[in-house]
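Visitor: Here's a sequence, model it:
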Amino acid sequence: MFVEVKSCPVQSFPPHPLKRTWSEHSLGKCALLFSFPIRFRFYVSFQSSGLCYNNKVKKRTKLFLGVLILAALAAWVVCHSSPRFILNPSGRTPLSGVYKLPFTNQSPLTVTVAGQRNDADITHTFPAGYGRAFPIHGLYPQAQNKITVRYQGKTQEFTVPLPEIRVNGGFVPPAQVVTIEKDPSQKKTDDIYFISASIGEKHPNLSWVILGYSRNGNLRYLNIDDKPRLNELQRIVPEGKEMMLITDIGSETLLGQRRLDLSGKNKIGHHDRVKKGDHFISLANSKWGVEDRVLELDAKGHIVRDLSAGELVRKAVGANPSPAEREMLNRVVFDEHNIYITKKNTPQAIDWAHINSIVYDEKTDMLYCSFRNLGVLAVKYTPWELVWWMVTDKLDFLPPDDPTAKHRRFLDALASLQAYRVRGDGLTDGPKHHHALFLWPDGTLGLFDNRGYAGNKSRYVEYKISGGHGKWTAKKTYEYFDPTLTNNDYTSDIDVLPNGNLLILYGMEQVVVEVDKNTKEKRYQLNFALPTEMIYRVDKMPFYPTPGREYPKEHKF
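Guide: Next comes the predicted model:
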């Protein structure tokens with residue numbers, strides 16, 4: 001039997017991490033209830049003895065301790081013999097909880113979170129034999145949340161009141177603004193727009209948090225990691241009976257239960273990680289270069305291959321470059337073979353590569369890499385050899401306040417790499433500061449083109465690349481501009497929805513749009529107003545996996 005969960009104060013992160021909120025059937029409350037009279041009698045008896053620790057007191061102490069243990073065990077039995085609801089079991093997902101049975105469900109169990117603010121109900125049926133713990137997602141902050149559980153012909157209802165939420169002192173609004181909705185039937189969808197945002201960018205405790213919003217712009221999910229600087233969402237994927245968050249430090253359930261931990265110092269990732277059979281290809285950092293390392297990891301996170309972007313470029317240049325070429329090479333690549341020394345005579349890691357997106361094509365063994373500071377590179381993965389590179393001929397990449405700008409050069413400065421360069425539209429209308437590569441079935445390569453700091457409008461663009469060594473050429477086959485949005489220097493994302501429409505995130509503008517790819521008409525727009533300088537990644541996914549359901553494509557078909 002359930003009782004209404006009591007309200008709690010504003011949830012704030014940090015410095016006070018969330019604690020578990022239990023129903024009245026929780027172990028702690030039951031144990032307190034059962035043991036209080038025993039503890040009280042023991043205290044009075046002990047005081048009346050004049051604090052004389054004799055054999056009689058010893059026996060009495062042992063007796064009372066034994067009774068106390070038995071009471072705790074009895075409380076545990078009572079607590080676990082009935083269903084119970086636990087809010088935020090990991091302490092990191094305040095809008096989620098878990099419904100627990102004392103046994104594995106013998107028949108289907110259905111959970112419904114009542115919709116509010118024009119949202120439809122979120123209902124999910126767990127099949128017989130699912131287990132004893134059933135995740136419940138989609139609660140609302142600043143609201144009374146009604147949850148209904150149906151099992152074996154019986155219905156249980158309970159209410160979970162939740163307060164407002166703050167992260168790093170920044171208030172997280174319970175809703176955002178939908179400015180365009182041309183598919184009203186989608187208002188009742190159970191899809192959630194998951195995003196990653198650095199809440200409190202100017203706060204000393206920078207926190208990447210993962211948020212989920214309904215089609216109507218209502219906040220329905222929040223994930224605050226215990227390693228906030230590394231809690232950057234890469235994507236959400238269905239794995240077995242759960243949806244998994246893929247982040248910089250591994251993978252975890254939507255309840256915050258880690259399944260793969262990559263938080264070790266030598267394996268901490270960034271930006272992207274893709275499947276290669278049973279293994280992963282993951283981006284990482286080297287000691288003297290920033291975001292210039294590629295790791296192949298097995299299913300348990302062990303390093304199988306450790307690859308260097310610097311090694312890739314050096315290999316293409318050759319073992320014996322001319323003195324002039326070597327001098328240019330040392331102004332392009334910064335690694336253990338070429339450590340940058342500042343004017344203060346101290347070594348410094350340089351953000352010369354900044355790989356932010358990868359796509360692996362199993363059929364061709366090709367790894368496509370978005371080097372934000374160099375261009376798009378196609379790499380033959382197994383031998384780790386450069387095939388081609390593509391970037392605009394307007395190479396004003398570095399911000400003017402970068403102290404290394406006068407010293408550094410780009411791939412075009414290396415004469416030996418000119419035969420690898422993609423020309424045609426790849427040169428005259430090529431990408432710059434790009435993100436979010438996407439490989440289409442016919443080999444066409446799409447990407448979000450940030451277009452540097454020039455003030456041009458950011459775009460989604462596709463290229464068809466053909467030719468061979470020394471003759472590579474690109475033809476621009478598609479582009480989409482949003483005339484209402486200004487330049488997005490950083491971040492941003494693009495996915496392809498099951499209906500073929502484009503899902504595009506303009507990260508600096510905090511805007512998500514859905515675009516009909518054929519007509520280029522905006523079908524939907526969600527404007528965020530979060531206390532952040534940027535949003536990174538967007539995934540449109542449900543809370544629960546469904547067999548046979550088609551999901552959006554993140555990198556390729």
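Visitor: separation between residue 59 and residue 66?
Guide: The spacing between residue 59 and residue 66, counted by C-beta to C-beta, to the nearest Å, is 11 Å. Bear in mind the C-beta positions are built from the backbone N, C-alpha and C, glycine included.
Visitor: cool, and residue 282?
Guide: Counting by C-beta to C-beta, the gap from residue 282 to residue 66 is 53 Å.
Visitor: Who has more neighbours out of the two?
Guide: Between residue 282 and residue 66, counting by other C-beta atoms under 10 Å, residue 282 is the more crowded of the two (27 against 10).
Visitor: Could you list the low-confidence segments of this structure?
Guide: The chain contains residues with pLDDT under 70 at 1-58, 72-81, 200-206, 226-231, 265-267, 395-400, 454-456.
Visitor: switch the cut-off to 50
Guide: Applying pLDDT under 50 to the chain flags residues 1-10, 12-53, 203-205.
Visitor: which residues does the spatially most central residue of it form a beta bridge with?
Guide: Centroid-nearest residue in the chain: residue 233, 1.2 Å away (criterion: C-alpha atoms, centre = their mean). Beta bridges link residue 233 to residue 247, judged by DSSP bridges.
Visitor: now do the one 4 residues further on
Guide: Beta-bridge partners recorded for residue 237 (DSSP bridges): residue 244.
Visitor: can you give me the helices in the stretch 51-200 of the chain?
Guide: 55-80 (DSSP state H, counting those that start in this stretch).
Visitor: now the strands: where do they sit in it?
Guide: 84-87, 96-100, 109-113, 122-126, 133-137, 143-151, 154-162, 165-167, 170-172, 177-181, 192-199 (DSSP state E, counting those that start in this stretch).
Visitor: Likewise for the stretch 251-400 of the chain?
Guide: Here the stretch 251-400 of the chain has its strands, by DSSP E, counting those that start in this stretch, at 258-261, 273-276, 279-284, 293-297, 303-308, 340-341, 347-348, 355-361, 366-371, 375-380, 385-390.
Visitor: Convert the first one to PDB, retaining C-alpha atoms only.
Guide: Which is strand 258-261. Taking C-alpha atoms only, strand 258-261 is exported to PDB below (Å, rounded to 0.1, in the frame of the first residue of the first chain):
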ATOM      1  CA  ARG A 258      27.100   2.700 -14.900                       C
ATOM      2  CA  ARG A 259      27.600  -0.300 -17.200                       C
ATOM      3  CA  LEU A 260      30.900   0.700 -18.800                       C
ATOM      4  CA  ASP A 261      33.400   2.800 -16.800                       C
END
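Visitor: export the strands of the stretch 51-200 of the chain to TSV and tack on mean neighbour count and distance to residue 273?
Guide: Below are the strands of the stretch 51-200 of the chain laid out as TSV (neighbours: other C-beta atoms under 10 Å; distance: least, C-beta to C-beta, whole Å):
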stretch	mean neighbour count	distance to residue 273
strand 84-87	21	30
strand 96-100	22	24
strand 109-113	20	31
strand 122-126	18	27
strand 133-137	21	23
strand 143-151	18	34
strand 154-162	15	32
strand 165-167	22	25
strand 170-172	18	27
strand 177-181	15	31
strand 192-199	26	14
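Visitor: would you turn those into CSV with distance to residue 549?
Guide: Shown next, in CSV, are those (distance: least, C-beta to C-beta, whole Å):
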stretch, distance to residue 549
strand 84-87, 27
strand 96-100, 21
strand 109-113, 18
strand 122-126, 12
strand 133-137, 16
strand 143-151, 22
strand 154-162, 27
strand 165-167, 30
strand 170-172, 29
strand 177-181, 23
strand 192-199, 14
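Visitor: Of the ones you listed, which is nearest residue 361?
Guide: Of all these, strand 192-199 sits nearest to residue 361, with 25.8 Å by C-beta to C-beta.
Visitor: Contacts only, for residue 364.
Guide: Not one residue lies near residue 364 by C-beta atoms under 8 Å, 6 or more residues apart in numbering.
Visitor: err, residue 382, not the other one
Guide: Taking C-beta under 8 Å, 6+ apart, we find residue 382 in contact with residue 365.
Visitor: Excluding chain neighbours, give the residue nearest to residue 431 in space.
Guide: For residue 431, ignoring the flanking residues on the chain, the nearest one in space by C-beta to C-beta, 6 or more residues apart in numbering is residue 449 at 4.3 Å.
Visitor: Can you give me the neighbour number for the one you found?
Guide: Neighbour number of residue 449 under other C-beta under 10 Å is 26.
Visitor: same thing with residue 514?
Guide: 24.
Visitor: Helix, strand, or coil at it?
Guide: strand (DSSP: H, G, I helix; E, B strand; the rest coil).
Visitor: so it sits right up against residue 496, yeah?
Guide: No: Residue 514 sits out of contact with residue 496 when judged by C-beta atoms under 8 Å, with a separation of 10.7 Å.
Visitor: chain center to stretch 283-299, what's the gap?
Guide: Centre-to-centre, stretch 283-299 and its host chain are 18 Å apart (C-alpha atoms, centre = their mean, to the nearest Å).
Visitor: Please apply the same query to stretch 284-300.
Guide: Distance of stretch 284-300 from the chain centroid (C-alpha atoms, centre = their mean) equals 18 Å.
Visitor: Buried ones in that stretch, by neighbour count?
Guide: Buried residues in stretch 284-300, counted by 16 or more other C-beta atoms under 10 Å: 284-286, 288-297.
Visitor: Specify which member of those residues is nearest to residue 71.
Guide: Using C-beta to C-beta, residue 297 is the member of those that lies nearest residue 71, at 48.4 Å.
Visitor: intersection of neighbour lists for residue 514 and residue 496?
Guide: Jointly contacting residue 514 and residue 496 under the rule C-beta under 8 Å, 6+ apart are 502-503.
Visitor: Alright, that wraps it up for me.
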